[in-house]
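> Provided below are the primary sequence and the corresponding predicted coordinates.
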Amino acid sequence: MSTKVKPYKDSDLNKKQQVTKMFDNISKEYDGLNRVISFGIDVKWRKKVVQIVAKSNPETILDIATGTGDLAINLTETAANRIVGLDISDGMLEVGRQKIKKKSLDGIIEMVIGDSESLPFKDNSFDAITVAFGVRNFENLNKGLSEILRVLKPNGIFVILETSVPTKTPFKQGYKLYSKFILPNIGRLFSKDKIAYKYLSDSASKFPFGEELNNILRDIGFINVEDMPQTLGVATIYKATKR
């Protein structure tokens with residue numbers, strides 16, 4: 001079964017082009033808005049991803065949908081000697097390149113423009129692969145996950161950090177109110193792209209999460225699939241390996 005998410009709306013472009021345009025438009029405000037929208041908790045979630053990845057002692061890591069490179073930079077705390085950050089938006093990558101340069105991490109992190117559904121790497125290339133807040137933007141989720149499985153080494157670890165929807169009352173109702181009304185309005189206040197944060201909140205609420213995403217990962221061929229809800233279920237970390 002192929003899973004698709006409703007696109008960012010620009011009728012003259014396909015979803016991939018629309019998402020690229022959207023992230024190019026919001027690239028300069030993205031980091032600051034992320035901190036405001038998540039109340040800074042996204043920093044804590046990324047640290048947990050790093051802890052999970054570090055346990056496998058990877059030498060090579062691919063961070064897909066790396067955006068401005070926050071997770072790629074955090075991943076330098078692992079034993080990896082090569083980290084590749086890949087994103088479809090050159091605007092986001094350019095912000096990341098400047099951050100990496102300031103931290104003198106050029107020798108470890110390489111920022112690459114590329115498509116998650118057609119990864120420019122050979123089979124079995126990476127010990128670990130991560131995606132933070134990016135899988136819901138794949139035009140074709142199954143194709144993107146299949147590509148990740150292809151370039152991941154046998155016994156390699158795959159970790160996703162993604163938004164999810166709380167399932168318990170009253171957190172479920174509170175989340176719906178926040179994502180439908182407050183989040184888009186915050187985005188409008190700070191961003192020149194007036195519909196970007198509405199798209200981000202809409203896609204988050206409609207994207208498969210929990211056991212539904214676990215089953216998609218298993219269908220693709222991943223094993224040892226596990227989900228770990230974070231902060232009352234507003235985000236979830238998924239962990240899987242390649243046979």
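Perfect, I can see it now.
> touching, residue 151 and residue 129? I think so.
Yes. Here residue 151 reaches residue 129: they are 7.2 Å apart, a contact under CB atoms under 8 Å. (Each C-beta comes from the backbone N, C-alpha and C, glycine too.)
> tell me the helix or strand right after the longest strand along the chain.
In the chain, with assignment by DSSP state E, the single longest strand is strand 152-163. As assigned by DSSP states H and E, the chain's next helix or strand after strand 152-163 is helix 171-177.
> and the longest strand of the chain, which residues are buried?
Residues 152-153, 156-163 are the ones in strand 152-163 that count as buried (16 or more other CB atoms under 10 Å).
> just the helices in this structure please.
Secondary structure of the chain by DSSP state H: the helices cover 15-37, 41-54, 70-74, 90-102, 141-151, 171-177, 183-190, 196-206, 211-220.
> so which of the ones you listed is nearest residue 230?
If you check each of these against residue 230 by CB to CB, helix 41-54 wins as the nearest, at 5.4 Å.
> and the angle from that closest one to strand 152-163?
With axes from the mean of the first three to the mean of the last three CA atoms, to 10 degrees as the basis, helix 41-54 and strand 152-163 are set at 160 degrees to each other.
> mean confidence score for helix 41-54?
The pLDDT scores in helix 41-54 average 96.
> so residue 141 is in contact with residue 135, correct?
Yes. Counting by CB under 8 Å, residue 141 does reach residue 135; the two are 6.5 Å apart.
> shared neighbours of the two, anything?
Jointly contacting residue 141 and residue 135 under the rule CB atoms under 8 Å, 6 or more residues apart in numbering is no residue at all.
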